[in-house]
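1. here is a sequence together with a model predicted from it:
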Amino acid sequence: IIECNGNRITFLTQRKDDVILEIKEYQGVAVNTLKIILGNMPEVFSEIQCCVRQKEFIVIPEEYFESEHSEIFKLSYSLEMDDQLFLDKLENGVGILYKDDVEIHNVLKSKYPRITIKHEASLILSKIKKELQGTESKLFLSINDDSIIIMYFKDKKIRLCNMFEAKVVHEIFYFV
């Protein structure tokens, strides 16, 4: 499991029985640093998952999967030259559209061609959707260093999935 969290990257090696064998964390990782780190990593022939965290995202319905994503995304966020948009299609008729550095994705895919890269909101929504029981309302939070993702479900449907800047506890309580 690889976690890309801003300029911090974490590698977690886990056996099939969920025993964690090793965790390595690197700070201040840029493209060239990542190439060096991956060059020292062993070949992996099993499933590799990458979680992209703290990246701006929007939720779009399935009918917009084939449309021009940059125009939709620019309604909420700006796009830089090195940013590319990625779409994680979810089973429930929505997708998570997020921006990230395309070079980082390419470096990861060149080392591990079978890697699955997903935004943290996609991973959380997929897991929640599988575990939803009953029809009551449920609120889920994912708290990061500088942001919070709030997900609200009612009648087993997503009613809200959004990221907010929240740097202190008071801001977290405000958004919740």
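-> That came in fine, so what should we check first?
2. which pLDDT value goes with the residue most central in space within the chain?
-> Centroid check for the chain by Cα atoms, centre = their mean gives residue 119 as the closest residue, at 1.7 Å. pLDDT, the model's per-residue confidence, is 94 for residue 119.
3. return the alpha-carbon coordinates of the helix or strand encompassing residue 87 using CSV.
-> Residue 87 is part of strand 83-89 when elements are defined by DSSP states H and E. The C-alpha coordinates for strand 83-89 follow below in CSV (Å, rounded to 0.1, in the frame of the first residue of the first chain):
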residue,chain,number,x,y,z
ASP,A,83,-2.0,19.1,-12.7
GLN,A,84,-3.9,16.5,-14.5
LEU,A,85,-7.5,15.4,-13.7
PHE,A,86,-8.1,11.8,-12.7
LEU,A,87,-11.6,10.2,-12.4
ASP,A,88,-12.3,7.3,-10.0
LYS,A,89,-15.6,5.7,-11.2
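4. by contact count, what packs against it?
-> For strand 83-89, the packing partners by 3 or more Cβ pairs under 8 Å, 6 or more residues apart in numbering; DSSP states H and E come out as helix 69-73, strand 94-101, helix 102-111, strand 116-119. Just so you know, the C-beta spots here come from the backbone N, C-alpha and C atoms, and that holds for glycine as well.
5. got the contact list for the first one?
-> Helix 69-73 is touched from outside by 58, 60, 64, 79, 85, 87, 97, 99, with contacts defined as Cβ atoms under 8 Å, 6 or more residues apart in numbering.
6. neighbours around the closest residue to the third one other than its chain neighbours, how many?
-> Yep, that's residue 64 we're talking about. Residue nearest to residue 64 in three dimensions, not counting chain neighbours: residue 72, with 6.3 Å by Cβ to Cβ, 6 or more residues apart in numbering. Using other Cβ atoms under 10 Å, residue 72 has 14 other residues around it.
7. can you tell me which of the contacts of helix 69-73 are buried?
-> By neighbour count, with 16 or more other Cβ atoms under 10 Å, the contacts of helix 69-73 hold 58, 60, 85, 97, 99 as buried.
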